[in-house]
Structures are given as C-alpha cells and as structure tokens.
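Test case, fold it:
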Amino acid sequence: MHNPFESDQGDRVRTTMMRLLAATGGAAGDFAGEVLAGRRRPSELLAHRPVLEEFVQDARGLRNLIDALPAEQRRQLATGAQAGLEQRFAELAALDVDSAVAELRDLAAPALEPSRTRVSRASRADDEDDEWDDRTYLEPL
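All right, here's what the predicted structure looks like:
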C-alpha cells in the first residue's frame with residue numbers, strides 16, 4: 001500500500017491537516033497547535049494520552065458502525081479504501097486552507113461564547129451538577 005504522505009504533496013497535506021485540526025479545538029486540536037508551533041512532531045500524535053483516548057473512543061464508534069454493515073458492504077468499503085484515501089488526500093492538497101480554518105473558527109465561535117440565557121450559578125437553588133453535560137469543555141465549572 002502506497003503512503004501518500006511520502007509524495008510531493010505530503011508535507012502540504014500534513015500541514016493542512018494540522019491547521020484544520022488546530023482550528024477545531026479539543027485535545028487533538030491543542031496537539032496540532034503544538035505541532036504547528038514546532039514544539040511537537042506529527043508522529044507523536046497517538047502517543048499524546050488525551051489524543052489517544054479521544055482517538056480510541058472515536059475508533060470504537062466507527063468500528064461499531066462498520067460491524068453493523070452487511071458483509072458485502074464491508075468488502076466494498078475495504079476494496080475502495082485506498083482510492084478513497086488518495087481522493088481525500090488530493091482534496092486536502094487543493095484545499096484553500098485559510099478559508100477552511102476561518103470557517104471552522106466561525107462555526108466554533110458560538111459554542112465558545114457564554115450563553116446569555118443560562119441562569120447564573122449563584123442564583124440556582126438546585127444541585128449545581130445537574131447541567132454538567134451541556135457545558136463545553138472550555139466553560140469554567
């Protein structure tokens with residue numbers, strides 16, 4: 001199997017992927033920011049525990065989706081995997097990364113703004129842990 005990162009476009013695509021990942025936030029986004037700043041290498045991504053845990057959780061979900069497919073559909077996916085990878089690689093190489101990063105940041109901005117409709121913690125009489133699941137990870141507890 002051919003590794004597309006070892007092609008002429010490999011460095012450009014790797015940088016594009018890191019910029020997109022950094023714009024999304026989370027553990028992987030923070031790690032990508034470190035790579036872009038030159039403090040980490042992309043090859044260390046899955047050795048970074050928070051990213052590894054996030055990746056394993058996502059991979060389990062994907063595995064469950066694939067396992068639920070009929071056998072014939074799974075074979076078709078496996079047969080077209082290399083071509084699909086090469087197509088995605090070409091799309092990333094041609095992507096206007098500055099526009100894509102700006103769009104990701106615009107999409108993330110409302111999620112990062114504090115909600116104006118949420119009742120302040122000081123005025124709540126109920127248990128303060130009741131709404132833990134609707135907070136973004138960046139919002140202070």
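
Other residues contacting the strand or helix carrying residue 82?
In this assignment (DSSP states H and E), residue 82 forms part of helix 81-94. The contact list for helix 81-94, computed with CB atoms under 8 Å, 6 or more residues apart in numbering, reads 1, 2, 4, 9, 12, 13, 16, 17. All C-beta spots, glycine's among them, are computed from the backbone N, C-alpha and C.

At the geometric centre of the chain, which residue sits there?
Closest to where the C-alpha atoms of the chain average out (CA atoms, centre = their mean) is residue 21, at 5.5 Å.

rewinding a little: and the helix or strand just after the helix holding residue 82, what's buried?
Moving toward the C-terminus from helix 81-94, the next helix or strand (DSSP H and E) is helix 97-112. Burial within helix 97-112, assessed by neighbour count using 16 or more other CB atoms under 10 Å, is assigned to 97, 101, 104, 108.

Tell me the one of those residues nearest residue 50?
residue 108 (18.3 Å; CB to CB).

which phi and psi does the closest residue to that closest one other than its chain neighbours have?
Nearest non-adjacent residue to residue 108, counting by CB to CB, 6 or more residues apart in numbering: residue 25, 6.3 Å away. As for residue 25, its main-chain torsions (degrees, to the nearest 10) stand at phi 80, psi -170.

Kindly report the same for residue 51.
As for residue 51, its main-chain torsions (degrees, to the nearest 10) stand at phi -70, psi -40.

Residue 59 versus that one, what's the distance?
12 Å (CB to CB, to the nearest Å).

more crowded one of the two?
Using other CB atoms under 10 Å, the more surrounded residue of residue 51 and residue 59 is residue 51, with 20 against 10.

List the residues that contact that one.
Going by CB under 8 Å, 6+ apart, residue 51 touches 27, 28, 31, 45.

and the two most separated of those?
Farthest pair in these, by CB to CB: 27 and 45, 10.1 Å.

The contacts of helix 81-94 in helices, which ones?
12, 13, 16, 17 (DSSP state H).
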